[in-house]
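A.B. asks: Structure for this input, please:
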Amino acid sequence: MKFTILSGSSRAQAQSGKVSRYIQDEIQKLSLGETYLLDLVNNPLPLWDESIWSGNPSWTKLWDPIKKELQASDAFIFVVPEWGGMVPSAVKNFFLLCSAQELGHKSGLIVSISSTRNGTYPVS
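C.D. replies: Numbering: from 1, shown residues only. A predicted model of the protein is given here:
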């Protein structure tokens with residue numbers, strides 16, 4: 001089984017990254033399967049634009065390797081911080097880039113992180 005873990009914070013020292021790496025380590029310790037960690041630190045994906053659907057070479061070079069990893073995944077774990085009651089824009093951008101080919105009909109788990117007492121809004 002292959003798990004993709006998305007670390008949804010664009011901050012370098014984010015707790016999301018620490019939690020994502022912890023989850024990855026636990027999956028590997030328990031021999032549950034292979035993992036792919038996609039860390040959105042420093043927002044490595046450009047903002048969505050419609051040229052992604054027309055085969056723009058810059059998108060192809062950047063997105064195709066990620067897309068192949070997502071398509072090969074059996075399950076997803078989304079580690080998402082809450083920023084002012086919302087998910088970070090990098091996470092929204094990620095979902096705009098994905099289609100049913102990458103995410104459809106696969107198991108998913110949402111892990112929400114907040115520095116305050118909330119943290120439920122990304123799950124909602």
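
A.B. asks: where's Glu69, which helix or strand?
C.D. replies: Assigned by DSSP states H and E, Glu69 belongs to helix 57-71.

A.B. asks: low-scoring pLDDT stretches of the chain, where are they?
C.D. replies: 116-122 (pLDDT under 70).

A.B. asks: Show me the strands in this structure, by range?
C.D. replies: 2-7, 34-39, 75-81, 107-113 (DSSP state E).

A.B. asks: residues near Ser54, how many?
C.D. replies: 8 (other C-beta atoms under 10 Å). C-beta here means a position set from N, CA and C on the backbone, and glycine is covered the same way.

A.B. asks: Return the residues in contact with Val80.
C.D. replies: Val80 sits next to Leu6, Gly8, Ser16, Val87, Pro88, Val91, Ile110, Val111, Ser112, Ile113, Pro122 when contact means C-beta atoms under 8 Å, 6 or more residues apart in numbering.

A.B. asks: The third one against Ser7, yeah?
C.D. replies: Just to be clear, that refers to Ser16. Yes. The pair Ser16 / Ser7 is scored as a contact, 5.0 Å apart, by C-beta atoms under 8 Å.

A.B. asks: okay, the two: which has more neighbours?
C.D. replies: Just comparing Ser16 and Ser7: by other C-beta under 10 Å the higher neighbour count belongs to Ser7, 29 against 25.

A.B. asks: so what's the more buried one closest to, chain neighbours aside?
C.D. replies: Nearest residue to Ser7, sequence neighbours excluded (C-beta to C-beta, 6 or more residues apart in numbering): Ser20, at 3.8 Å.

A.B. asks: what do you get for Leu109?
C.D. replies: Leaving aside its chain neighbours, Leu109 sits nearest to Ile77 (4.8 Å; criterion: C-beta to C-beta, 6+ apart).

A.B. asks: quick revisit: overlap in contacts of Ser16 and Ser7?
C.D. replies: Taking C-beta under 8 Å, 6+ apart as the criterion, Ser16 and Ser7 both touch Val79.

A.B. asks: Return the members of the contacts of Val80 classed as buried.
C.D. replies: Leu6, Gly8, Ser16, Val87, Pro88, Val91, Val111, Ser112, Ile113, Pro122 (16 or more other C-beta atoms under 10 Å).
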